[in-house]
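Enquirer: test case, fold it:
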Amino acid sequence: MSTKILIIGACGQIGTELTQKLRAIYGTENVIASDIRKLNTDVVNSGPFEVVNALDFNQIEHLLEKHQIDEVYLMAALLSATAEKNPAFAWDLNMNSLFHVLNLAKAGKIKKIFWPSSIAVFGPTTPRENTPQYTIMEPSTVYGISKQSGERWCEYYHNIFGVDVRSIRYPGLISWSSPPGGGTTDYAVDIYHKALSDGKYECFLSSETKMPMMYMDDAINATIGIMQAPAEQVKIRSSYNLAAMSFTPKEIAAEIKKHIPEFTITYAPDFRQKIADSWPASIDDIRARHDWGWKHEFDLETMTKDMLEHLAEK
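Expert: Below is the predicted model of the structure:
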């Protein structure tokens, strides 16, 4: 019996690559991609696709029954910078979509859920360096507040109703295959595009803003890794810290200059600076490494080389 998977929010930055990787592992027909609208993209054209509103309980339930789904990856969300512009909708989307899948799992209609959290759950009172798994969490953004609340609900549904829900706190994610999605860490995606197209970049954060980052390949491997781990190894049912590298805009610019010597960067911090300042500079992810064997492959040097090669081909 093959595992049948539904990805909600498959056309987003993470969903795009997650869908392709899961189809490679489980077979194209066993991975149903879905999103709020049907775009002319590889995700839509390369396998089963359904239009679904993540806020519509009945639509989700119908898809579960239609495709006899076992596992759901709920990737639909409004990200940090976008959420600040529309707080009420961000809360609605980020929270109620989660309640829908948790309640469907509670009713026995989903065997396993993946729901992503984020370093946005931390806040200005959190220790900034080597942020531990268990620490002060006083998020100061709409996105962070919704993710922190979501973590508590995931843990609650697991403890009280036995729902098998799994989660990791993504750092900033960097990918060549999809455009930035409205997050505060997205400068680290955009900078590569602009380096190749314009030879220069104006950064919306200050030169010394250090944040935890991860190459998308590692993030996808972690996501699938925690879902494939035996249930008894997943000991934390709120969300796991996850880390790979931390760097500043100045450091990423210096790495790019090794490949494009004429590249220049300027700085014009905007409202996203305040969001970035409230987040950790580095993350301690010893629990994920110990419990279910997480390990990253890419650092700033290897990621930069890979990003520029792939973007140049595009």
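Enquirer: can we go C-alpha only for contacts and neighbour counts from here?
Expert: OK.
Enquirer: residue 256 reaches residue 303, doesn't it?
Expert: No: checked against CA atoms under 8 Å, the pair residue 256 and residue 303 is beyond contact range at 10.4 Å.
Enquirer: more neighbours: the two, which one.
Expert: Comparing residue 256 with residue 303 by other CA atoms under 10 Å, the one with more neighbours is residue 256, at 23 against 19.
Enquirer: doesn't the more buried one belong to a strand?
Expert: No: counting by DSSP: H, G, I helix; E, B strand; the rest coil, residue 256 falls outside a strand, being helix.
Enquirer: where does the spatially closest residue to it that is not a sequence neighbour sit: helix, strand or coil?
Expert: Take residue 256 and drop its neighbours on the chain: the residue closest to it by CA to CA, 6 or more residues apart in numbering is residue 304, 6.7 Å away. Secondary structure state of residue 304, per three-state DSSP, is helix.
Enquirer: what does the pLDDT read for residue 304?
Expert: Note on residue 304: pLDDT of 98.
Enquirer: any idea how many residues pack against it?
Expert: Other residues near residue 304 number 20, with proximity taken as other CA under 10 Å.
Enquirer: can you give me the separation between it and residue 262?
Expert: 16 Å (CA to CA, to the nearest Å).
Enquirer: quick check: which element contains residue 95?
Expert: Secondary structure assigned from DSSP states H and E places residue 95 in helix 87-106.
Enquirer: does anything pack onto that helix? Which helices or strands?
Expert: When contacts are defined as 3 or more CA pairs under 8 Å, 6 or more residues apart in numbering; DSSP states H and E, helix 87-106 packs onto helix 57-67, strand 71-74, strand 112-114, helix 142-161.
Enquirer: chain center to the first one: distance?
Expert: The gap between the average C-alpha position of helix 57-67 and the chain average comes to 24 Å, counting by CA atoms, centre = their mean, to the nearest Å.
Enquirer: which residues are in contact with that helix?
Expert: 4, 6, 52-54, 69-70, 97, 100, 104, 109-110 (CA atoms under 8 Å, 6 or more residues apart in numbering).
Enquirer: same thing with the longest one?
Expert: With contacts defined as CA under 8 Å, 6+ apart, helix 142-161 is touched by 78-80, 83-84, 87, 90-91, 94-95, 98, 102, 106, 117-122, 137, 139, 163-166, 237-239.
Enquirer: from residue 265, how far off is residue 67?
Expert: Residue 67 is 49 Å from residue 265, by CA to CA.
Enquirer: who has more neighbours, these two?
Expert: For residue 67 versus residue 265, neighbours defined as other CA under 10 Å are more numerous around residue 265 (18 against 15).
Enquirer: perfect, that will be all.
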